[in-house]
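**Q** Sequence and predicted model, in that order:
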Amino acid sequence: MSELFVELFSEEIPARLQINARNELKKNIKNFFIDNQIKFNENFNVYSTPNRLVLHVDKIPNEIKLSSEEIKGPNVNAPEKALEGFIRSNNTKLEKIFKKNTEKGEFYFLNKESRKIKVSDLLEKNLSEILKKIAWNKSMKWANYDLYWGRPLKSILAIFNKKPLNFDFNHINSSNKTFIDKSLEENIKIFNDFHSYLKFFKQKGILIDQDLRKKIIQNMINEIINKKNLKIEQNDRLIDEIVNIVEKPAVIVCDFDKKFLNIPSEILITTMQSHQKYLPTFDKKNNLTNNFFVVSDIKDTKGFVKSGNERVIEARLSDAEFFWEKNKTQNLVKQVDKLKNINYFKGLGSYFDKIQRMRKLSSLISDDFLISKDKIEIASSICKVDLMSDLVGEFPELQGIVGGHFARFQGFDKEVCLAVSEQYLPNGMESKLPKKMYSVALSLSDKLDSLVGFFGINLKPTSSKDPYAIRRMAISLVRLIVENEIKIKLKDLIVYTCSVYRDQGYEFDTKKIQNELSDFIIERLKNYLKEKKIRQDIIESSTFLLGLDDILKAYKKSLCLNKNIKKEIGFETIAAYKRSSNILNTEEKMSTESLGFADPGLFKNDYEKKLYKKINDIRKYFLSIGKDENYEESLKILSSINNEVNDFFDNVIVNDEDIIIKKNRLELLNMLCKTFDNYFNFSKIEA
Amino acid sequence: MVSKIKKKILSFQDTIFNLQKYWSKKGCVILQPYDLEVGAGTFHPATTLRSLGPKPWKTAYVQPSRRPTDGRYGDNPNRLQHYYQFQVLIKPSPKEIKKMYLNSLSSIGINHEEHDIRFVEDDWESPTLGAAGLGWEVWCDGMEVTQFTYFQQMAGVECKPVSVEITYGLERLCMFIQNKKSVFDLIWNDEEITYKDVFHQSEKEFSAYNFEYANTDNLFKIFEMLEEETKLLVEKKISLPAYDQCLKCSHVFNILDARGVISVAQRAEYIARIRELTKSIGKVWIESQS
């Protein structure tokens, strides 16, 4: 049993690409072993540091036995060259070739005897192909070479059974050597097995295994936060990034001047996390502290790293402080007029125009939401002012949030401030969702205005391009409505938005926008349901012929049915429906000639009467106000008909000789289906 | 050499001299700054145009770079509307470029064994140049001091061979070396002349021009004129003068942007117009190379 050990040494590969390359390499090598029927330890791992991508698989046999096989060659009528090629590629002689008849004619064949193959030979032959198959999310070329890799690849070390494997990967020849210093790439060392390789680097403080690196970083951090009574925010994305940008981690505690804590914490946190990859710390009450952690890739023996990073944050925060002090006192209301100078979008006017529209729209929405018209109008008027501030210029990702802070500083109503802060939320599928009605109203009117505007000037996204992130906008709209369970007449709102645009002189084709936007939003709803792991057939039926005003209903019903479809009530409801509809489907004429009701006078037995009564009970139930809101209860009621349906089918023959009776029975089943359709379009559900 | 540097503070101009000397020894053609307003060293034709086509090329030069929107009237210790970049471009990218770069840092007193030097992912794109590259920003103890990029595309054309571009932000680098908190406190030469002495007035006045006084009506017209001129020169197949006009377009656009008279959507449109110019010039240049 032997081990395969490969190291690909390159210039620094970014964190995301490393993770992706590890997964790809793992998958490809696994497939290779499986395809070639070579046993291997399936718990193998792929490791990486920014410079090294390392594969280690053990428990591999040195040889595999291939059983004898008959290999088909070219047709006997093919040109002679084909036969020569066949002989060459199989490394055999003419004497061993024979002819044989097949269904497709006479062919040359070769009988390959059972033989042993060295795994090392197979690896040498295939490794280059395996590496080539790595699908990089983003890759590059360098110098004169044609190879694509995450960053320039410098060397390949490949070992099997303690011996080097020799192969060419584009311009690089594999060997048993690698660079042991990532910086100057001056020192080279030979390695013949993975263990000594790991050990060698461990002695230098370099951790090849990313999981170990993560654990050690976390331990170092935990030790410090316990000692200092601090907390850090759980931020997997940041930690995973940090883990993959160091090989020799050292956590350094740094601090910044406490005076900066007067700046809104979002600004400080954004500066530390997204710009500098620092970990901000919090006290036990979750207040940001002036301590932060730097994960360095070097031991800070001279204190340069600490003082350097502190200087960097000081400079960045001074910048932020300067802007904060300057911007927070600039009167939001007085600046509204200046929005006239800022174009929102070509063909959709200035931001001033936009907020006028949003004001009207949110004012209308406020009636439905039972919130103060004055307050939401104020929020709409000031919500875009922060776009003109230096702070948003510096921290575009904090638009809205910064505006909320300005509003708070200037003494605006609490709900207005929050609405301004949250106006861009949610931003897609994963983002935080505003819950307060003022925030929802502002966000909703912003998104509706944008959607109608973009559709109005015909900038709809295509299947491949969505440069203005309109899909995300619509998904966010769907989330606002369904997750907050808002009952809203979206169709009317779209028409109203068009009229508000018209008041400003934008002539849109209202009918066209309404149709297109409707379809578009419902498409997004479908995606949303898919993300929520709702079965495809349920999605299709719940959104079939769906009106835009009913997306909340569609969502709730889908959720309910998806939850219950494998349970008794779901199962029985569908069974009852399917039994009835299957018969109807075979009687094609039924749909056109249907009266819409059965005649109780024509019933011949109790089963028909009982079914008829039950259907009418259910109909009454659905007519009573509000009942259809309780979707699970409704489903239960529907399922309760299953007994009557079963009794009916077990004892009644629909296909009666008397055509009138037959027709009446079909009418009865049709009534049942129609009643069920009120609740849900079951016809598209797969049993 | 190293011990000598440690004795006295390396001045701004000595930093430039050392880098020039270092890259000169590596075989680079040391050029002088391009004599037009540009936003970055990349815009120098010695980078943009020379990175296109098959001919090998090595160069290094200082390029004054203008970013009108970054002006702060000389009030901000870290922001300037005019600053210096030291630019290196080598085609094809040499195998030992990282070593060369780290050694260049040693030449200005930054020893990579004492500092946390990081190559942080930063894929570069210049929409106006129709250019894109993969690489890093290099951090030294958390401070970004260099852009390191392998060009993949320039003027809309795939680079073959690939050039590597190294851009040092000279002010930042010197603030790091001299341990200064404000760019204006940088020591320019051994006579203790500071950056403030040299550039403060200019920052103040140009900020006022860029943000307040630039005549936008005229600039919009000038943009149109320059664009037209560029197109004409492209037709005449003289790429370098055409490129000059295009650079001027780009700078006029930057001032208009700083004046806040260009909306988000318009921005995209103007950038696209400049990119189209660059692409057409790139084509003419490549034809002239074969």
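**A** Sure thing, it's come through.
**Q** Next, the contact list for residue 182, please.
**A** Picked chain A for this. Shown in contact with A:K182 (C-beta atoms under 8 Å, 6 or more residues apart in numbering or on different chains): A:49-52, A:247. Quick note: C-beta positions are derived from backbone N, CA and C, even for glycine.
**Q** should've been chain B
**A** By C-beta under 8 Å, 6+ apart, B:S182 lies in contact with B:77-78, B:175.
**Q** what's the closest of the residues you listed to chain A?
**A** B:N78 (5.2 Å; C-beta to the nearest C-beta).
**Q** Distance of that closest one relative to B:L186?
**A** Noted for B:N78: a distance of 12 Å to B:L186, by C-beta to C-beta, to the nearest Å.
**Q** Of the contacts of B:S182, which belong to strands?
**A** Taking DSSP state E, every one of the contacts of B:S182 sits outside strands.
**Q** export the residues you listed to TSV and tack on neighbour count and pLDDT?
**A** TSV is the format used below for the contacts of B:S182 (neighbours: other C-beta atoms under 10 Å in any protein chain shown; pLDDT from 0 to 100):
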residue	neighbour count	pLDDT
B:P77	19	87
B:N78	17	85
B:M175	24	93
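**Q** Can you name the residue of the stretch 51-200 of chain B nearest to chain A?
**A** Closest point on the stretch 51-200 of chain B to chain A, by C-beta to the nearest C-beta, is B:D141, at 2.5 Å.
**Q** wouldn't that residue be in contact with A:F304 here?
**A** Yes: with contact defined as C-beta atoms under 8 Å, B:D141 reaches A:F304; the gap is 5.9 Å.
**Q** Looking at those two, which one has more neighbours?
**A** For B:D141 versus A:F304, the count of surrounding residues by other C-beta atoms under 10 Å in any protein chain shown is larger for B:D141: 26 against 18.
**Q** Mind pulling up the pLDDT for that one?
**A** B:D141 is assigned 95 on the pLDDT scale.
**Q** circling back: from the contacts of A:K182, which land in strands?
**A** If you go by DSSP E, those have A:R52 in strands.
**Q** near chain B too, which of the contacts of A:K182?
**A** Restricting the contacts of A:K182 to those near chain B by C-beta under 8 Å from any C-beta of the partner chain leaves A:P50.
**Q** Make a markdown table out of the contacts of A:K182 and add pLDDT and neighbour count.
**A** Shown next, in a markdown table, are those (pLDDT from 0 to 100; neighbours: other C-beta atoms under 10 Å in any protein chain shown):
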| residue | pLDDT | neighbour count |
| --- | --- | --- |
| A:T49 | 97 | 26 |
| A:P50 | 97 | 25 |
| A:N51 | 97 | 25 |
| A:R52 | 97 | 22 |
| A:E247 | 96 | 22 |
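**Q** Where is the longest helix in the chain?
**A** With no chain named, the answer covers chain A. Using DSSP state H, we find that the single longest helix of chain A is helix A:304-328.
**Q** The intended chain is chain B.
**A** If you go by DSSP H, chain B has its longest helix at helix B:264-289.
**Q** low pLDDT regions in chain A?
**A** Residue ranges of chain A with pLDDT under 70: A:588-593, A:625-628, A:687.
**Q** rewinding a little: packing partners of the longest helix of chain A?
**A** Of the remaining helices and strands, those touching helix A:304-328 by 3 or more C-beta pairs under 8 Å, 6 or more residues apart in numbering or on different chains; DSSP states H and E are strand A:250-255, helix A:265-270, strand A:288-296, helix A:390-394, helix A:401-409, strand B:143-154.
**Q** mind checking which of these is nearest B:E205?
**A** Of all those, helix A:390-394 sits nearest to B:E205, with 20.2 Å by C-beta to C-beta.
**Q** How far away from the center of its chain is that closest one?
**A** Relative to its chain's centre, helix A:390-394 lies at 29 Å (C-alpha atoms, centre = their mean, to the nearest Å).
**Q** At which residues are the strands of the stretch 151-290 of chain B located?
**A** B:157-158, B:164-169 (DSSP state E, counting those that start in this stretch).
**Q** Can you list the strands that the first one pairs with?
**A** For strand B:157-158, sheet partners with direction are given as strand B:143-154 (antiparallel), following DSSP bridges.
**Q** same thing with the longest one?
**A** Each strand pairing with strand B:164-169, determined using DSSP bridges, is listed with its direction: strand B:82-91 (antiparallel), strand B:143-154 (antiparallel).
**Q** Name the residues that touch stretch A:326-339?
**A** With contacts defined as C-beta under 8 Å, 6+ apart, stretch A:326-339 is touched by A:350-352, A:355, A:381-382, A:384-391, A:402-403, A:405-407, A:409-410, A:412.
**Q** Touching both of B:D141 and A:F304, which residues are there?
**A** Residues touching both B:D141 and A:F304 by C-beta under 8 Å, 6+ apart: B:115-116.
**Q** End to end on stretch A:523-542, go ahead and measure it.
**A** Here the two ends of stretch A:523-542 are set 12 Å apart, with distance taken as C-alpha to C-alpha, to the nearest Å.
**Q** If you count neighbours, what's buried in that stretch?
**A** Buried residues in stretch A:523-542, counted by 16 or more other C-beta atoms under 10 Å in any protein chain shown: A:524-529, A:534-535, A:538-542.
**Q** cool, stretch A:276-296 as well?
**A** Those would be A:276-282, A:288-296, for stretch A:276-296 by 16+ other C-beta under 10 Å.
**Q** Give me the spatial nearest neighbour of the residue of the stretch 151-290 of chain B found nearest chain A, chain neighbours excluded.
**A** Scanning the stretch 151-290 of chain B for the residue nearest chain A gives B:S263, at 2.4 Å (criterion: C-beta to the nearest C-beta). Nearest residue to B:S263 in three dimensions, chain neighbours excluded: A:N343, at 2.4 Å (C-beta to C-beta, 6 or more residues apart in numbering or on different chains).
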